[in-house]
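>>> what's the 3D shape of this:
(4 chains)
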Protein chains: 2
Amino acid sequence: MAKNGTISASVIKRLPRYYRFLGELMKQEVERISSRELSEMMNLTASQIRQDLNCFGGFGMQGYGYHVRSLHEEIGKILGVDREFGTIIIGAGNLGKAIAMHINFETRGCRLTGIFDVNPRLTGETVGPIAIRHTDEIEQFCKENKPVVAVLCIPKANTQEIADRLVKLGIRAFWNFSHYDLTIEHENIVVENVHLGDSLLTLTYRANNNIAPENSGNGQEDSN
Amino acid sequence: MAKNGTISASVIKRLPRYYRFLGELMKQEVERISSRELSEMMNLTASQIRQDLNCFGGFGMQGYGYHVRSLHEEIGKILGVDREFGTIIIGAGNLGKAIAMHINFETRGCRLTGIFDVNPRLTGETVGPIAIRHTDEIEQFCKENKPVVAVLCIPKANTQEIADRLVKLGIRAFWNFSHYDLTIEHENIVVENVHLGDSLLTLTYRANNNIAPENSGNGQEDSN
DNA sequence: TATATCCTGTTAATCATTTATCAAACTTTG
DNA sequence: CAAAGTTTGATAAATGATTAACAGGATATA
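I've put the predicted structure just below:
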C-alpha cells in the first residue's frame, strides 16, 4: 500500500486488466476517464481503482480524472512491457504449440526465441517463425541467448528436473502449465503455476452450487 | 465460513489443489494425514487447512488426522467430479485443440461431446475422438445433447455474441479463454475468465521487481 | 490401564483488503 | 470571473481472510 513499499499481490493481479481496458479506450480514442466511469466498465468500485493506482503515484487530476494515454503508458512501465525478456517454451505438444501461437509475448515484455521438445521427430518442425529444437540443445542455446523466462508445457513427471536444470542456466521466471506444483527454493526466482484443471474445477463447483452468490457479485470470476 | 452459508471464493480456489494432493497421497498408498503434514507438503498453514475443510464438515478426527481416501472422496463430492456436465469447445484453433487434448474433462465432472469452428475447412477433422463441426450446427447439437459447459477459444470480437447465443441454448457455465472479459447478466450462469496474457504479465512484473517479496513467501504464486 | 502425545474443531486475535468519506483542487458554465 | 459541479488522493471505517490458541477427544505406548 505504501507508495514505495511492497505492492500487494491483489493489486498486481489487477494491473494487467487495467492495462487492457486502457488499451481498449485508447483504440476508441477516449482521452480522459474518471475512476467512476472506469469502475462501471470494469465492475469494480471507483475507490478500489483510485487506491490501486495510488500505490504507484498520483496519476490523476482532481475534477479531470485520468489521461488515458499517460495512464496506459505508466502502467505499461510498471508492468515492464518495454523489456525484452528472452523466453523459451519447453514442450512442443499441443499446449506448447498453442501457447507459442496464441500468446503475444512481444506486447508483454517477452521475446520468444526458442521451443524445445524431447521428441526427436519434432526437431526441425516450425511453430510460426520458430524451429523446434531438441531438449539436448537447451544448454548450448541458453549460453548463447541468455533467456530469462521459461514456459513449461511438459508432463508433471519431468517438471521439477527440467526446472532445476533451467535454473542453473539462468532462467529466473517460470510460467508453469504442467500438472504439477512447481516450487523453486532459490531466491529471486519467480514461479507462476497455471493449473488449468483447477480452474475448470472451480467453474464446475460454481455451476453446481449456483444459487447466485450474493457475495461475489453475479457469478463472474477472474482466474488471475 | 459458516457450515451451510456461502463459501468464500478463496476457499473454493484452494479445493482443487487439496483434491490433487490427496489424489497423489492415495497413489502413494498413504492412509492418513494430519493437517500439519499436509501443510508442509502444500506450503500452507495447518490452521488454514483445518479452517477450509471445516467449511464443509468435520472430516477429521482428533489424535488421528484425516483419512486420505475419505477426504479425497468428500472433496470430490463437493467439487462435483461425479457429475457429467456435457461440455463443448467453441473454436478449434491451436488453443481449442490443445485444451481438448490436454484437459482431462472426465475427471472434473465434464464430458466433452462437441467441438465447433466457423472455418469450414476444419469441419470433419477430428481432435482425439471428436469430429469438428461447423458453428452453424451448434443450435441443432445443443437441442439434441443439452451441453451445460462451453469452453470459448475464439477471437475476442465474437465472444460476447457467441456467449449470448449459447445462453439461449442452455449453456450455464463458460470457461472463457478469449482475450475478452466476458460478463453475462443472466442469473445462475457462471463465467471463468482465464486470461493467460494477464497471467504472463504478472509473472514478468514479479520478475522485474524481484527483490524477494517478504509478504508472499518465496515468490511462488498460483493462478487459481 | 494410565500417561504422554497428538490432532481436530472452534473461537479469538491479527493482519490484509476493500469500501466509504471528505477536504482540496481542478473544470465547466453562465 | 465566480459559482456549481467533478474528481482525485488520503485517511478512516468496515469487511474479509489468515493465523494463533486451546479445550476436548482420540491414539500410542509402556
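
>>> nearest spatial neighbour of residue A:60, skipping sequence neighbours?
Spatial nearest neighbour of residue A:60, excluding adjacent residues (C-beta to C-beta, 6 or more residues apart in numbering or on different chains): residue A:66 at 4.7 Å. Where you see a C-beta, it was placed from the backbone N, CA and C, and this is true even at glycine.

>>> any stretches of chain A with poor pLDDT?
For chain A, residues meeting the criterion pLDDT under 70 lie at A:1-5, A:210-224.

>>> quick one: the helix with the most length in chain A to chain centroid distance?
In chain A, assigned by DSSP state H, the helix with the most residues is helix A:9-27. With C-alpha atoms, centre = their mean, to the nearest Å as the basis, helix A:9-27 stands 12 Å off its chain's centre.

>>> rewinding a little: and the residue nearest to residue A:60, what are its bridge partners?
Assessed by DSSP bridges, residue A:66 has beta-bridge partners residue A:33, residue A:60.

>>> quick check: it vs residue A:18, distance?
The gap separating residue A:66 from residue A:18 is 10 Å, by C-beta to C-beta, to the nearest Å.

>>> quick check: residues of chain A near DNA strand C?
Counting by C-beta under 7 Å from any atom of the strand, chain A comes close to DNA strand C at A:1, A:8-11, A:44-45, A:47-48, A:51, A:61-64.

>>> hmm, try it at 6 Å
Within chain A, the residues that sit near DNA strand C (C-beta under 6 Å from any atom of the strand) are A:8-10, A:45, A:47-48, A:51, A:61-64.

>>> re earlier: buried residues of the longest helix of chain A, list them for me.
A:11-22, A:24-25 (16 or more other C-beta atoms under 10 Å in any protein chain shown).

>>> ok, stretch A:103-111 next?
By 16+ other C-beta under 10 Å, the buried positions in stretch A:103-111 come out as A:103, A:105, A:108-111.

>>> tally of neighbours for residue A:147?
24 (other C-beta atoms under 10 Å in any protein chain shown).

>>> which SS state does residue A:182 fall under?
Classification of residue A:182 using DSSP: H, G, I helix; E, B strand; the rest coil returns coil.

>>> give me phi/psi at the residue of chain A most remote from its centre?
Using C-alpha atoms, centre = their mean, the residue of chain A lying farthest from its centre is residue A:63. It sits 33.8 Å away. The phi/psi pair for residue A:63 (degrees, to the nearest 10) reads phi 70, psi -10.

>>> related to what we said a few turns ago, for the buried residues of stretch A:103-111, give me TSV that also has distance to residue A:74 and secondary structure.
What follows is the buried residues of stretch A:103-111, written out as TSV (distance: C-beta to C-beta, whole Å; DSSP: H, G, I helix; E, B strand; the rest coil):
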residue	distance to residue A:74	secondary structure
A:103	24	coil
A:105	22	coil
A:108	16	helix
A:109	15	coil
A:110	20	strand
A:111	23	strand
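
>>> would JSON lines of those with distance to residue B:201 be doable?
Compiled in JSON lines, the buried residues of stretch A:103-111 are given as follows (distance: C-beta to C-beta, whole Å):
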{"residue": "A:103", "distance to residue B:201": "11"}
{"residue": "A:105", "distance to residue B:201": "11"}
{"residue": "A:108", "distance to residue B:201": "5"}
{"residue": "A:109", "distance to residue B:201": "8"}
{"residue": "A:110", "distance to residue B:201": "9"}
{"residue": "A:111", "distance to residue B:201": "15"}
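
>>> closest to residue B:184 out of the residues you listed?
Comparing the buried residues of stretch A:103-111 against residue B:184 with C-beta to C-beta places residue A:103 closest, at 25.4 Å.

>>> state the distance from the closest one to residue A:111.
According to C-beta to C-beta, residue A:103 and residue A:111 sit 12 Å apart.

>>> what's the answer for residue A:45, then?
37 Å.

>>> ok, now residue A:184?
The gap separating residue A:184 from residue A:111 is 22 Å, by C-beta to C-beta.

>>> for residue A:96, same thing?
Per C-beta to C-beta, residue A:96 is found 17 Å from residue A:111.

>>> before we move on, what about residue A:92?
With the distance defined as C-beta to C-beta, residue A:92 ends up 18 Å from residue A:111.

>>> convert the longest helix of chain A to PDB, retaining C-alpha atoms only.
What follows is helix A:9-27, C-alpha atoms only, in PDB (Å, rounded to 0.1, in the frame of the first residue of the first chain):
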ATOM      1  CA  ALA A   9      -0.500  -9.500  -4.800                       C
ATOM      2  CA  SER A  10      -4.100  -8.400  -5.100                       C
ATOM      3  CA  VAL A  11      -3.100  -5.100  -6.700                       C
ATOM      4  CA  ILE A  12      -0.600  -6.700  -9.000                       C
ATOM      5  CA  LYS A  13      -3.200  -9.200 -10.300                       C
ATOM      6  CA  ARG A  14      -5.400  -6.300 -11.300                       C
ATOM      7  CA  LEU A  15      -2.800  -4.300 -13.100                       C
ATOM      8  CA  PRO A  16      -2.900  -6.200 -16.400                       C
ATOM      9  CA  ARG A  17      -6.600  -5.800 -16.500                       C
ATOM     10  CA  TYR A  18      -6.300  -2.100 -16.100                       C
ATOM     11  CA  TYR A  19      -3.700  -2.100 -18.800                       C
ATOM     12  CA  ARG A  20      -6.000  -3.900 -21.200                       C
ATOM     13  CA  PHE A  21      -9.000  -1.700 -20.600                       C
ATOM     14  CA  LEU A  22      -7.000   1.400 -21.000                       C
ATOM     15  CA  GLY A  23      -5.600   0.000 -24.200                       C
ATOM     16  CA  GLU A  24      -9.200  -0.500 -25.500                       C
ATOM     17  CA  LEU A  25     -10.100   3.000 -24.500                       C
ATOM     18  CA  MET A  26      -7.100   4.300 -26.500                       C
ATOM     19  CA  LYS A  27      -8.300   2.400 -29.500                       C
END
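
>>> and the strands in chain A?
For chain A, the strands defined by DSSP state E cover A:32-33, A:60-61, A:65-67, A:85-90, A:110-117, A:126-127, A:130-134, A:149-152, A:173-176, A:190-193, A:220-222.
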